[in-house]
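# Pasting a predicted model and its sequence here:
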Amino acid sequence: MDSLDNLKKTPLYQRHIDLGGKMVDFGGWALPVQYASGILEECKAVRERAGLFDVSHMGEVDIIGSGAYDYIQRLVTNDITSMTPGRCRYAVLCYENGGAVDDVLIYKYSDDHYMFIVNAGNTDKDFAWMQEHVFGDVQVINNSAKWGQLALQGPKHQAVLDAAGFEGELPMKYYTFNDKMVVAGIPCLVSRTGYTGEDGVELYCAAEDTVALHTALCEAGKAVDMLCCGLGARDTLRFEAGMPLYGHEMNENVSPVECGLGFAIKLNKPDFIGKEALLQPQKHKRIGLKLVGKGIARPEAEVLVNGKVVGVVTSGGPAPSVGGNYCMALVDADADENGVWAVSVRGKSIECEFAPLPFYKRA
């Protein structure tokens, strides 16, 4: 554990160790990659029953003031005009070149109060970027240290909440939230969101309440054989669901258009940072491939069409929920889709076939 001493820790650090979590360095945070049950069992639990994740490392940034709407509209690719209090919306922050600063989830409390959920490893960078672009009556406040966050995911998540006991109205529609909930006696913001491709909720509570909330949900989860899940399962589940991960599918040189996030880009709204670049023809596109030959394609593996390199793998590995080995790749926009596709793994060419994204979609 010595190598973890200098890493940031969530409020659940000691609890993960007590529960047998195998701790690793994830972008400067000490987090469990898996528990004794193993990644495959954790994935199965989420797909069939329920799984509980510690996502307290994610960043929370509040945007407050009468100028919040104008400021956010200028900052993000999506349009927040139709958002009402209690709604969430996915968007991307772009640089002028169209590359992604980060992908974010926007929560609207009121016309003059929003919250951005940002990727853990990008929190400081995002916060600096947001401060740099402030105009009008706006305060940008990094409140990440105040929050604990748990993701309760899977078809039986509701049974876990029922067993834990809650007060208030649970958000029933995807991408909505209620910030006035009480779960297991603990005040929470509960949102119908997730990063697994399953139905579920994410629960935000005061950092000092995180251990009590996690303990209560674990106890309640026994009713459905819920498992605590680590980063390994989280990555596999989001990969199967075709969800991009910053630093893999997108980065400062990859635009959200190339990444296939057109639904979160509203080019018909007034100017936003990066809009001009996103209007230009894009050089790359994100695709899904299934490996026909034996092997696993890891990030940075070359992607070939008719023997010619046309791109790289961004995420790859087994997709246990559908069977087989898959990868997502960023390839030339004009790559011949009717050609012979392959990935190069340690100098060996493995044949692939096109696989529509997402690889897994819940019934």
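That came through, no problem.

# got any ranges where the stretch 1-150 of the chain has weak pLDDT?
Applying pLDDT under 70 to the stretch 1-150 of the chain picks out residues 1-2.

# what ranges do the strands span in it?
Per DSSP state E, counting those that start in this stretch, the stretch 1-150 of the chain carries strands over the ranges 8-9, 22-26, 29-34, 51-54, 59-64, 88-94, 100-110, 113-118, 139-142, 147-153.

# how far out from the middle of the chain is the first one?
Between the centre of strand 8-9 and the centre of its chain there are 19 Å (CA atoms, centre = their mean, to the nearest Å).

# Show me what that strand is packed against.
With contacts taken as 3 or more CB pairs under 8 Å, 6 or more residues apart in numbering; DSSP states H and E, strand 8-9 sits against strand 29-34. To be clear about C-beta, it is placed using only N, CA and C from the backbone, and glycine gets the same treatment.

# what do you get for the fourth one?
On a contact count with 3+ CB pairs under 8 Å, 6+ apart, strand 51-54 meets strand 147-153, helix 210-221, strand 227-229, helix 231-240.

# Repeat that for the fifth one.
Based on contacts counted as 3+ CB pairs under 8 Å, 6+ apart, the elements that strand 59-64 packs against are strand 113-118, helix 123-132, strand 139-142.

# quick one: strands adjacent to the first one?
Read that as strand 113-118. Strand 113-118 sits in its sheet next to strand 59-64 (antiparallel), strand 100-110 (antiparallel), going by DSSP bridges.

# would you list those strands in a markdown table and tack on distance to Lys290 and mean neighbour count?
A markdown table is the format used below for those (distance: least, CB to CB, whole Å; neighbours: other CB atoms under 10 Å):
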| stretch | distance to Lys290 | mean neighbour count |
| --- | --- | --- |
| strand 59-64 | 34 | 20 |
| strand 100-110 | 25 | 22 |
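
# nearest to Thr10, of the ones you listed?
With CB to CB as the measure, strand 59-64 is the member of these nearest Thr10 (12.2 Å).

# Check what contacts the closest one and list those residues.
71-72, 112-120, 122-123, 126-127, 130, 138-144, 146-147, 149, 204 (CB atoms under 8 Å, 6 or more residues apart in numbering).

# orientation of it relative to strand 147-153 in degrees?
Per axes from the mean of the first three to the mean of the last three CA atoms, to 10 degrees, the angle that strand 59-64 makes with strand 147-153 is 110 degrees.

# Using CSV, write out the CA atom coordinates for strand 59-64.
Extracted C-alpha coordinates of strand 59-64, given in CSV (Å, rounded to 0.1, in the frame of the first residue of the first chain):
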residue,chain,number,x,y,z
GLY,A,59,-15.5,16.8,-9.7
GLU,A,60,-18.4,19.1,-8.9
VAL,A,61,-18.2,22.8,-10.0
ASP,A,62,-21.1,25.2,-9.2
ILE,A,63,-22.0,28.0,-11.6
ILE,A,64,-24.0,30.7,-9.8
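
# Which residue, neighbours along the chain excluded, lies closest to Leu291?
Asn325 (4.4 Å; CB to CB, 6 or more residues apart in numbering).

# And Glu42, by the same measure?
Nearest residue to Glu42, sequence neighbours excluded (CB to CB, 6+ apart): Ala233, at 3.7 Å.

# Just name the most buried of the strands of the stretch 1-150 of the chain.
Mean neighbour count (mean count of other CB atoms under 10 Å) peaks for strand 51-54 among the strands of the stretch 1-150 of the chain, with a mean of 27.

# picking that back up, could you redo the strands paired with strand 113-118 as JSON lines and give each row distance to Thr215?
Converted to JSON lines, the strands paired with strand 113-118 look like this (distance: least, CB to CB, whole Å):
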{"stretch": "strand 59-64", "distance to Thr215": "22"}
{"stretch": "strand 100-110", "distance to Thr215": "26"}
